[in-house]
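**Student:** model this:
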Amino acid sequence: MKRAFYIVLCLVLPFCGLAQQVSLDTKISLDLTQSSINDVIKQIANKTAITFSFTNDIFKENILINYKRENIRLETVLQDIFQTNHIEWLVYQNNIILRKEKLIKSEYHIQGKVVEDDKNKGIPFASLSLIKNNQATICNENGFFEITVLENQTNDSIEIASVGYNRHRFSVKELLQSAYNTLSLTEKAETLDPIIVYARDYKTETLGNDAFFALGNLYLDTHGQQTAMFIENTKERQGEISNVRFYLSKKGNIGAPFRIHIYRADSVDNIPGDDLLIEPLIVKPKSEYGWYTVDVSQFHISIPSTGFFVAMEGIYPSVYSDRKDTTIQFDTEGETENFDDTPSIVSYGQKLGYSKSKKGKSNTWHYSLSHTWFQLRKNNFAVMITADIRYLKKRKSRKSND
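**Tutor:** Coordinates of the predicted model:
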């Protein structure tokens with residue numbers, strides 16, 4: 001299996017073992033000779049029941065570890081192995097997060113919480129993005145966030161968005177005045193003209209790949225890669241998209257959040273074009289595998305006559321702690337089209353089921369780390385994504401008796 005450069009948050013043990021906290025005083029013994037960094041991590045994890053999260057690109061390909069110590073503290077092991085290789089580590093619950101050692105000193109961290117206006121209730125998975133730069137993060141499920149800006153970005157602004165709330169922009173310089181920011185969003189009040197709808201005039205239909213069994217699963221990395229199903233509108237239905245569905249594999253982290261996109265087909269290249277979801281839609285499923293349904297009827301998205309794409313984007317919410325810096329910086333250099341080479345160890349994000357295409361062709365597309373869409377043509381590959389459309393029935397004309 002080829003090593004892929006896409007970002008992988010590798011969790012070495014299943015999530016059912018996340019109850020205990022990491023103890024740096026734990027004593028372990030290691031005997032390593034010309035061992036790769038992945039093998040080192042697996043050995044430490046097996047001896048301590050600790051989960052590691054990291055991106056593959058933080059390790060140089062030629063790093064080989066020689067290390068033999070008996071009954072030594074875990075903290076000393078981490079310092080000896082990682083810090084000498086310019087890798088920082090930090091502890092978060094039962095998780096040890098690895099990242100590249102910071103080389104840029106002129107950077108600033110903005111921390112805080114996004115809340116509902118006049119309340120302290122956090123808004124889960126609100127997105128924060130720099131206006132002038134292609135950089136963004138999201139809050140965790142409690143509304144906490146942390147974003148890093150460079151010195152040349154201090155004149156920028158950060159826009160916060162979440163479904164059901166008005167967007168708000170904050171000056172970076174303003175936010176840097178406080179060590180901790182509580183940022184409020186107001187609920188969006190929308191008034192729609194009344195529409196009289198008769199149920200007998202409408203019909204619901206499911207489009208896409210609704211295969212009953214998954215033949216395999218693919219891993220969605222947690223920082224920007226996407227997989228999309230092109231859903232054709234061959235019968236030129238007129239109506240709205242009411243639900244979208246994703247087949248979540250039990251081999252992934254079913255409880256991991258992900259972002260949903262609904263794209264219009266680009267009129268020139270027929271690849272995903274404009275996003276029809278006007279606000280970032282991020283969901284966190286319950287821990288049940290199989291078909292997961294998301295109601296998108298509130299957005300009143302009209303069915304494009306040329307078809308549309310439904311996509312899943314892997315995300316990793318900022319790990320936040322009041323006690324220490326837990327920023328995670330991601331590099332997105334490098335790409336691969338061999339993206340379904342799923343890591344052999346349990347990964348953080350979702351794994352999406354796939355099957356053979358029923359129509360003998362692939363309507364599955366992938367968005368790589370180099371921000372390029374390409375179609376998956378191998379073996380009639382079909383990711384298991386569907387959409388429910390609600391459309392107006394065509395009335396049959398009555399013949400005149402004249």
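
**Student:** going forward, measure contacts between C-alpha atoms and count neighbours the same way
**Tutor:** Noted.

**Student:** Per-residue pLDDT of Tyr316, please?
**Tutor:** Note on Tyr316: pLDDT of 67.

**Student:** how deep is the residue nearest to Leu176 when sequence neighbours are not counted tucked in, by neighbour count?
**Tutor:** Among residues not flanking Leu176 along the chain, Ile110 sits closest, at 6.4 Å (CA to CA, 6 or more residues apart in numbering). By other CA atoms under 10 Å, the residues close to Ile110 number 18.

**Student:** same question, Asn233
**Tutor:** 15.

**Student:** for it, what are its contacts?
**Tutor:** Ile303, Pro304, Ser305, Thr306, Gly307, Phe308 (CA atoms under 8 Å, 6 or more residues apart in numbering).

**Student:** Which of those ranks first by neighbour count?
**Tutor:** That'd be Phe308 among the contacts of Asn233, by other CA under 10 Å, with 27 neighbours.

**Student:** so who does the nearest residue to that one once chain neighbours are set aside touch?
**Tutor:** Nearest residue to Phe308, sequence neighbours excluded (CA to CA, 6+ apart): Arg264, at 4.9 Å. By CA under 8 Å, 6+ apart, Arg264 lies in contact with Pro272, Gly273, Asp274, Asp275, Leu276, Pro304, Gly307, Phe308, Phe309.

**Student:** And Arg69, by the same measure?
**Tutor:** Applying CA under 8 Å, 6+ apart, the residues near Arg69 are Ser29, Leu30, Asp31.

**Student:** Now which of those residues would you call buried?
**Tutor:** Ser29, Leu30 (16 or more other CA atoms under 10 Å).

**Student:** Which ones among the contacts of Arg69 lie within strands?
**Tutor:** Within the contacts of Arg69, membership in strands is found for Ser29, Leu30, Asp31, as judged by DSSP state E.

**Student:** Can you tell me which of those residues is nearest Glu151?
**Tutor:** Leu30 (42.1 Å; CA to CA).

**Student:** From Leu64, how far out is that closest one?
**Tutor:** 14 Å (CA to CA, to the nearest Å).

**Student:** and what of Lys113?
**Tutor:** 41 Å.

**Student:** Lys100 too?
**Tutor:** 17 Å.

**Student:** These two - which one has more neighbours?
**Tutor:** Counting neighbours by other CA under 10 Å for Lys100 and for Leu64 shows that Lys100 has the greater number, 21 against 16.

**Student:** Tell me, how many residues neighbour the residue nearest to the more buried one when sequence neighbours are not counted?
**Tutor:** With CA to CA, 6+ apart as the criterion, Lys100 has its nearest non-adjacent residue at 4.9 Å, and that residue is Ile87. A count of nearby residues for Ile87, using other CA under 10 Å, gives 17.

**Student:** Give me the secondary structure label for Gln43.
**Tutor:** What DSSP: H, G, I helix; E, B strand; the rest coil gives for Gln43 is helix.

**Student:** Check what pLDDT the closest residue to it other than its chain neighbours gets.
**Tutor:** What sits nearest to Gln43 in space, not counting adjacent residues and going by CA to CA, 6+ apart, is Leu30, at 8.0 Å. The per-residue pLDDT reported for Leu30 equals 89.
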